[in-house]
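Trainee: the following comprises the amino acid sequence and a computationally predicted model.
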Amino acid sequence: MELKEVIEKRRALRSLEKVDITEDMIKQMAEAATLAPSCFNNQPWRFVFVTEEEKLKAVFGGLSRGNEWLQAASGVVAIFTQKDLDCVVKGREYYLFDTGMATAYMMLMATDMGLVFHPIAGYKEDGIKEALNIPEAMTIITLAAIGKASKTIGELLTEKQALSEAQRPERLPLEKVLFLNSYKE
């Protein structure tokens, strides 16, 4: 797939089917992430890929209301970091930005492999850290569901979530986000 096609194909779908996530697939996603740029090449990102049924149940127990659909995922990746792993330049902390870029690389690789990679914000961080043995000092940036897009609407979706599956949500027009030479409100 061409990069533009991968970017256009990527969707944060919630209707998922089970798919076998192999170690090779996990390595491909993680290797893509490690190629992302980071401040002084510090590579502050850390990942725990979860595919074992018992560990998945522990992760699902830490989801916030509205994210029950994630239980249809074949795997979950916890993406985490800490400030001390990356640069702080004149008060600018790069660890979150750099980890976000690595996550985007991983997401594009997953999409290229025909997978859905859907990051979420709704989880209880302490419970996820405990379930996955993530040190307290770390910050979990996101959990991402990994699965295969389903042709049918998942039964765990809310009515609002089901409606958003039909078509890509509207994107902001370029004139709202793109400015040449100077910002204008």
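Mentor: Arrived safely, thanks for sending.
Trainee: quick check: closest non-adjacent residue to M113.
Mentor: Distance criterion C-beta to C-beta, 6 or more residues apart in numbering; nearest residue to M113, sequence neighbours excluded, is M25 at 6.2 Å. In this view, the C-beta of every residue, glycine as well, is placed from N, C-alpha and C.
Trainee: give me the phi and psi angles of that neighbour.
Mentor: When quoted as degrees, to the nearest 10, the phi and psi of M25 stand at phi -60, psi -40.
Trainee: residues near it, how many?
Mentor: When counting by other C-beta atoms under 10 Å, one arrives at 20 neighbours for M25.
Trainee: gap between it and F80?
Mentor: M25 is 20 Å from F80, where distance means C-beta to C-beta, to the nearest Å.
Trainee: quick one: the helix-or-strand element of the chain with minimal mean pLDDT to chain centroid distance?
Mentor: Using mean pLDDT, DSSP states H and E, helix 159-165 stands out as the lowest-scoring helix or strand of the chain, at a mean of 91. Centroid displacement of helix 159-165 relative to its chain, using C-alpha atoms, centre = their mean, to the nearest Å, is 19 Å.
Trainee: please point out which parts of it sit buried.
Mentor: Q161, A162, E165 (16 or more other C-beta atoms under 10 Å).
Trainee: just give the nearest non-adjacent residue to the last one, would you?
Mentor: Right, the one you point to is E165. S15 (5.3 Å).
Trainee: can you report phi and psi for that neighbour?
Mentor: Taking degrees, to the nearest 10 as the convention, S15 sits at phi -80, psi 100.
Trainee: and if you look at Y123?
Mentor: phi -160, psi 160.
Trainee: the residue nearest to M113 contacts M109, correct?
Mentor: No: at 9.1 Å, M25 does not count as touching M109 under the criterion of C-beta atoms under 8 Å.
Trainee: now H118: which helix or strand?
Mentor: strand 116-120 (DSSP states H and E).
Trainee: show me which residues of whichever helix or strand comes after that strand are buried.
Mentor: Later in the chain than strand 116-120, the nearest helix or strand by DSSP H and E is helix 125-132. Buried residues in helix 125-132, counted by 16+ other C-beta under 10 Å: E125, I128, K129, A131, L132.
Trainee: any idea which helix is longest in this structure?
Mentor: helix 95-112 (DSSP state H).
Trainee: got the angle for it vs strand 116-120?
Mentor: Between the axes of helix 95-112 and strand 116-120, defined by axes from the mean of the first three to the mean of the last three C-alpha atoms, to 10 degrees, the angle is 150 degrees.
Trainee: centre-most residue in this structure?
Mentor: With distances taken as C-alpha atoms, centre = their mean, P119 lies nearest the centre of the chain, 3.2 Å away.
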